[in-house]
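Participant: give me a 3D structure for the following:
(one chain, ligands or ions: 1)
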Amino acid sequence: MCGIVGYIGNKKAVPVLINGLLSLEYRGYDSAGIAVLNQSNNEYDLKVVKDKGRVKNLEANPELDTLLGTTGIAHTRWATHGMPSKENSHPHLDNSKKFAVVHNGIIENYVELRKILQDNGYTLYSETDTEVIPNLIHMNYNGNILEAVSKTMKLLKGSYAIEVISPLFPDKIIVAKKDSPLVVGIGKNENYVASDIPAVLAHTNNFYFLDEQEIAVVEKDSIKFYDINLKEVKKDIKNIEWDAESSEKNGFEDYMLKEIYEQPQAIRETIGSRLSLDEKVNLELGNIDFTKFDKIYIVACGTAMHAGIAAKYSLEKFCKIPTEVDMASEFRYRNPLVNEHTLCIFISQSGETADTIAALRLAKEAGATTISVVNVIGSSITRLSDYTIYTHAGPEIAVASTKAYTCQVTLLNILAIYIAEALGYNSEELNKFKVDLLELPDKVKDVLETMEQVKDFAEKVYTQKDLYFIGRGLDYAVSMEGSLKLKEISYIHSEAYAAGELKHGPIALIEKGTTVIGVATSPITTEKTLSNLEESITRGANVLVVTNQNIKNGKIDLMIHIPGTNPYLSPVLSVIPLQLFAYYIAKNKKLDVDKPRNLAKSVTVE
Ligand code: F6R
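Facilitator: Have a look, this model is predicted:
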């Protein structure tokens, strides 16, 4: 995820900014840049140094020695719109080169805003969504920067945390935010701005937190806050006593927990401007003729494959095309029936998984059309695929995938609607599906509230040697993911079974004290799954159930209630208690949840 730092004071800005960027490196990024206001006599001049690559490269750039000023802004970019490159790096300047802006977040209506700017004679030099911001500020500037920023904010749809500096107001950094974090750090005759506390924790423990759609005017000896209509806002100072390690994780104990909690925002960004109620889904897929496909293969590994299994149902339902899900390592060696009438969808967080790449090559050689769903911009899979659509989950650092999975399921469902619309299937059901998708981020937030219940249950069962997950249909798909998460980070043997299969063999494994976790979100199959759970309870099992149904059964040890949603989207919600369950089991066992043994984040070998 991108990082922002800002400094205004009496010291040279560059060392403070570089140190701030270095302390945000753990978040992952591909480019870095700094803008500083240089002063000579009473004249101010805006200087920018930026490029793709590491902060260390930026530090080694001799041009940086020419940045001498005491006011500056800095950024690490994790590409979302446009490949990592010098042009796409931040800070971005407006056409008059008077306003420098860094930005975190995604401007969803940037295509429309670019058009407005171009119609007004502006030229845009990068592929980014960000470059519209300094130009809109310039377009709205009549000598009052606060008015220009407020007017610009009213034009932006999406999420943003921005910093603006200009020789027109050399004693100020203007900052603003919506749905993307931003704090102002308080110093003595100097002040700081950051997207994340760790960036400036070396200088101060006292912070102001910006609320939604607020603006701050930061000077070296004053900080003022305004709402979007420029009414002044009073704020309390918050004292943050974090140590260096917990501050990197934004106060969370581990990256995995941090990433679990990032899911509402990650899903919101993945939906972005792709989906709105009165328009067709908008994905960057050119002019694919979907009528020519008689089959869809979804190919991926591990968690990404589980996301594919969860999406198969809506693809078949809404697009009416038979869909098969394959493990990439199997697909590549089994002579799959692929030809020009096949659509192959590849899913990968890293975009570098060796088996998925090999399967993609095979599909292309056989004449299939290939679409990839990937999180890391510019990764190998995106370069090889005919088309790529990106999840905007942000960097996932914990080895066990959490937010990438929920974003993959979300995006695959959006893809299902896109294909259905392209095939001319418009129905009330499809419209309702869009409403349900748009409501998902808030519902994910609600599910996170189950954390304490899950934690208590994990404490009771963490010494177990074997654990079973059962469910039917989409609930079975989620059971597989829950079981994988548990194996990966807690080293407990676990299996997922289609609930109806239990009686065909696995039930022999259930004995007094065995833990069975049931996922029951489907109104059609919940009763059936409950019968299978009863069979386990009769044999002495401890039972946890994750459900959005009204279940009345006094024999269940713990029932986790999650919000109702469209059945095709239930995996995005029901997986979260299972992620938390695996996490707390591993914590009880005092294991390193972020770096489980024998596993790597990116599996680039066969
Ligand atoms: C599990 C996990 C792995 C990955 C798999 C594919 O938590 O992270 O199972 O899902 O190795 O990786 P990507 O998505 O990078 O292709």
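Participant: check what pLDDT the nearest residue to D442 once chain neighbours are set aside gets.
Facilitator: Nearest residue to D442, sequence neighbours excluded (Cβ to Cβ, 6 or more residues apart in numbering): P264, at 7.1 Å. C-beta here means a position set from N, CA and C on the backbone, and glycine is covered the same way. The score at P264 is 96. That number is its pLDDT.
Participant: over to E511?
Facilitator: 89.
Participant: could you look up the SS state of it?
Facilitator: When classified by DSSP: H, G, I helix; E, B strand; the rest coil, E511 comes out as coil.
Participant: and it, how many neighbours?
Facilitator: 11 (other Cβ atoms under 10 Å).
Participant: so what's it up against?
Facilitator: 539-540 (Cβ atoms under 8 Å, 6 or more residues apart in numbering).
Participant: measure it to the ligand for me?
Facilitator: 29 Å (Cβ to the nearest ligand atom, to the nearest Å).
Participant: and for I133?
Facilitator: 32 Å.
Participant: check contacts around that residue.
Facilitator: Neighbours of I133 in contact, by Cβ under 8 Å, 6+ apart: 92, 101, 103, 107, 152, 156, 160, 162.
Participant: quick revisit: can I assume the residue nearest to D442 is in contact with E439?
Facilitator: No: here P264 lies out of contact with E439, judged by Cβ atoms under 8 Å, at a distance of 11.3 Å.
Participant: looking at these two, which one has more neighbours?
Facilitator: P264 (19 against 14).
Participant: quick check: the gap between that one and S273.
Facilitator: Counting by Cβ to Cβ, to the nearest Å, the separation of P264 from S273 is 18 Å.
Participant: likewise for G471?
Facilitator: 33 Å.
Participant: swap in G20?
Facilitator: Relative to S273, and taking Cβ to Cβ, G20 is found at 30 Å.
Participant: between those two, which one's more packed in?
Facilitator: Each of G20 and S273 has its neighbours counted (other Cβ under 10 Å); G20 has more, 29 against 17.
Participant: now for the residue nearest to I288 when sequence neighbours are not counted, how many residues are close by?
Facilitator: Leaving aside its sequence neighbours, I288 sits nearest to T369 (Cβ to Cβ, 6+ apart; 6.2 Å). Neighbour count for T369, taken as other Cβ under 10 Å: 21.
Participant: and the residue of the stretch 151-300 of the chain found nearest the ligand, what are its bridge partners?
Facilitator: For the stretch 151-300 of the chain, the residue closest to the ligand is A300, as judged by Cβ to the nearest ligand atom, at 6.3 Å. Bridge pairing for A300 (DSSP bridges) gives the partners M327.
Participant: what does stretch 118-125 contact?
Facilitator: 87, 94-95, 114, 117, 131-132, 135, 138-139.
Participant: how about that stretch: buried residues?
Facilitator: Across stretch 118-125, burial judged by 16 or more other Cβ atoms under 10 Å covers 122, 124.
Participant: what of stretch 148-161?
Facilitator: Buried-residue list, stretch 148-161, by 16+ other Cβ under 10 Å: 148-153, 155-161.
Participant: and which of those is nearest to V575?
Facilitator: S159 (23.6 Å; Cβ to Cβ).
Participant: and that closest one, what is it in contact with?
Facilitator: 104-106, 178-180, 265, 268-269.
Participant: center of the protein, which residue is that?
Facilitator: The residue lying closest to the centre of the chain (Cα atoms, centre = their mean) is A393, at 1.7 Å.
Participant: my guess is that one contacts V409. True?
Facilitator: No: here A393 does not reach V409: they are 11.2 Å apart, not a contact under Cβ under 8 Å.
Participant: check contacts around E43.
Facilitator: So E43 contacts P167 (Cβ under 8 Å, 6+ apart).
Participant: and the pLDDT for it?
Facilitator: 90.
Participant: same question, the one 4 residues further on
Facilitator: Reading off the per-residue confidence, K47 sits at a pLDDT of 96.
Participant: run a quick neighbour tally on it.
Facilitator: 17.
Participant: repeat for the one 3 residues further on
Facilitator: A count of neighbours around K50, defined by other Cβ under 10 Å, yields 24.
Participant: who does it form a beta bridge with?
Facilitator: G33.
Participant: what is the burial count for the closest residue to T342 other than its chain neighbours?
Facilitator: On the basis of Cβ to Cβ, 6+ apart, the spatially nearest residue to T342 that is not a chain neighbour turns out to be A368, at 4.2 Å. Look at A368: counted by other Cβ under 10 Å, it has 24 neighbours.
Participant: next up, the contacts around A368.
Facilitator: 297, 338-340, 342-344.
Participant: got a pLDDT number for it?
Facilitator: 97.
Participant: any idea how far it is from the ligand?
Facilitator: From A368 to the ligand the distance is 19 Å (Cβ to the nearest ligand atom).
Participant: give me phi/psi at that residue?
Facilitator: Backbone torsions for A368, taken as degrees, to the nearest 10, come to phi -70, psi 160.
Participant: nearest spatial neighbour of the residue of the stretch 1-150 of the chain found nearest the ligand, skipping sequence neighbours?
Facilitator: Proximity to the ligand, evaluated over the stretch 1-150 of the chain using Cβ to the nearest ligand atom, is greatest for G28 at 13.5 Å. Nearest residue to G28, sequence neighbours excluded (Cβ to Cβ, 6+ apart): P395, at 3.1 Å.
Participant: now swap in L362 and tell me
Facilitator: That would be R332: by Cβ to Cβ, 6+ apart, it lies 5.5 Å from L362.
Participant: wait, what's in contact with that neighbour?
Facilitator: 355, 358-359, 362.
Participant: same deal with S372?
Facilitator: If you count contacts by Cβ under 8 Å, 6+ apart, S372 has them with 345-348, 351, 360, 381-382, 384-385, 387-389.
Participant: do I73 as well
Facilitator: 4-6, 17, 34-35, 91, 100, 102, 163-165, 173, 193.
Participant: so which of the residues you listed sit within helices?
Facilitator: Among the contacts of I73, the members falling in helices (DSSP state H) are L17.
Participant: among the contacts of I73, which two are most distant?
Facilitator: Every pair of those checked by Cβ to Cβ; the farthest is L17 and V164, at 15.3 Å.
Participant: ok, and the closest non-adjacent residue to L580?
Facilitator: Closest to L580 by Cβ to Cβ, 6+ apart is V454, at 4.4 Å.
Participant: same question, Y584
Facilitator: A458 (3.5 Å).
Participant: from memory that neighbour sits against N588, does it?
Facilitator: Yes: using Cβ under 8 Å, A458 is in contact with N588, at 6.1 Å.
Participant: as CSV, the contacts of A368 with pLDDT, neighbour count and secondary structure would be great.
Facilitator: Rendered in CSV, the data for the contacts of A368 read as follows (pLDDT from 0 to 100; neighbours: other Cβ atoms under 10 Å; DSSP: H, G, I helix; E, B strand; the rest coil):
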residue, pLDDT, neighbour count, secondary structure
Y297, 98, 23, strand
V338, 95, 21, coil
N339, 96, 11, coil
E340, 97, 10, coil
T342, 98, 22, strand
L343, 98, 25, strand
C344, 98, 27, strand
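Participant: can you say which two of those are spatially most distant?
Facilitator: Pairwise over those, using Cβ to Cβ, the maximum falls at Y297 and E340, 13.4 Å.
Participant: nothing else from me, thank you.
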